[in-house]
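Enquirer: Give me the fold of what follows.
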Amino acid sequence: MDKRGPIITISGLVLVLVSLSIAISVVPSNLSGTNMMVSSLFEEMFDEITNEILIEAGDSQFVTYSTLSSDVSLLWGIQIIDYVSGDKLSIKISNIFGDDYGEFIQDEPIFFQMLEISQSDTLNLEIQNLGTRDVSVIAVFSEDPENSDVFSNPNSTTMNMVLPLAISGILLIIGFITMIIGIIIILVDLKNNQNNKRNYWDLFPSDQICL
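Expert: Predicted structure coming up:
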């Protein structure tokens, strides 16, 4: 049987193992270590991070953020701590002059949105808990995130964790695809070998074989 199928399959398996080893080496084994790395990542990526805000079911809480400059792209986000299915928030954004920046519905653990701010402004976020249980949230803000130096700093958490995890994910995908291709080739080769054997014996019918 042709060896190309097993070789390709083994190559894919090696890529998967390398991917998993990279992920294991980057992510801390204990929960507290993981939480610290996520917190560090948030601190590097955002200009401001609020403390945890408890919002009882049906109630609202307000968060205020003042932009540092004009003509900025403001990335803001809300994270629901210990999210469970069914949690739901409504976020209404306006400024001190009453101008409406829109209303957003969040039914997932983390929600991000970009706003274009033409002049220095103070934004008010009214966060209403539409779910049936009390939730704790944090709000994050970053002005012009595309100009952030978080990816250019080799000692940042992003470079130390996110980039290796991205590489690990790419290797994992390539590895699985390679393994699938190898298995398909093995099956095709097996079928071809069986057909070749069948064709060979068809050339020599049993009733024509003389001892």
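Enquirer: Surely residue 126 forms part of a helix?
Expert: No. Counting by DSSP: H, G, I helix; E, B strand; the rest coil, residue 126 is not found in a helix; it is strand.
Enquirer: residue contacts, it?
Expert: 60-62, 90-94 (C-beta atoms under 8 Å, 6 or more residues apart in numbering). Yep, even glycine has a C-beta here, placed from its N, CA and C like the rest.
Enquirer: Okay, and the beta partners of it?
Expert: Assessed by DSSP bridges, residue 126 has beta-bridge partners residue 62, residue 92.
Enquirer: per-residue confidence for it?
Expert: pLDDT for residue 126: 94.
Enquirer: Then the one 10 residues further on?
Expert: Listed pLDDT for residue 136 reads 92.
Enquirer: now do the one 5 residues further on
Expert: Per-residue pLDDT puts residue 141 at 89.
Enquirer: check which helix or strand covers it.
Expert: In this structure, residue 141 sits in strand 135-143 according to DSSP states H and E.
Enquirer: Go through that strand and flag the buried ones.
Expert: Neighbour counts over strand 135-143 (16 or more other C-beta atoms under 10 Å) mark 135, 137-143 as buried.
Enquirer: Relative to residue 6, how far out is residue 14?
Expert: Distance, residue 14 to residue 6, using C-beta to C-beta, to the nearest Å: 12 Å.
Enquirer: now do residue 78
Expert: Between residue 78 and residue 6 the distance is 50 Å, computed by C-beta to C-beta.
Enquirer: Which one of the two is surrounded by more residues?
Expert: Neighbours of residue 78 and residue 6, each counted by other C-beta atoms under 10 Å, are more numerous for residue 78; the result is 23 against 15.
Enquirer: doesn't residue 107 make contact with that one?
Expert: No. Using C-beta atoms under 8 Å, residue 78 makes no contact with residue 107, being 11.4 Å away.
Enquirer: Which residues are in contact with each of the two?
Expert: In contact with both residue 78 and residue 107: residue 89, using C-beta under 8 Å, 6+ apart.
Enquirer: Okay, helices next: where are they in this protein?
Expert: Applying DSSP state H to the chain gives helices spanning 4-26, 31-45, 157, 163-202.
Enquirer: weakest of the ones you listed by average pLDDT?
Expert: Among those, helix 31-45 has the lowest mean pLDDT, at a mean of 52.
Enquirer: so how far is residue 174 from the closest residue in space to residue 177 that isn't next to it in sequence?
Expert: Distances taken as C-beta to C-beta, 6 or more residues apart in numbering put residue 12 closest to residue 177, at 7.2 Å, once the chain neighbours are dropped. Distance, residue 12 to residue 174, by C-beta to C-beta: 8 Å.
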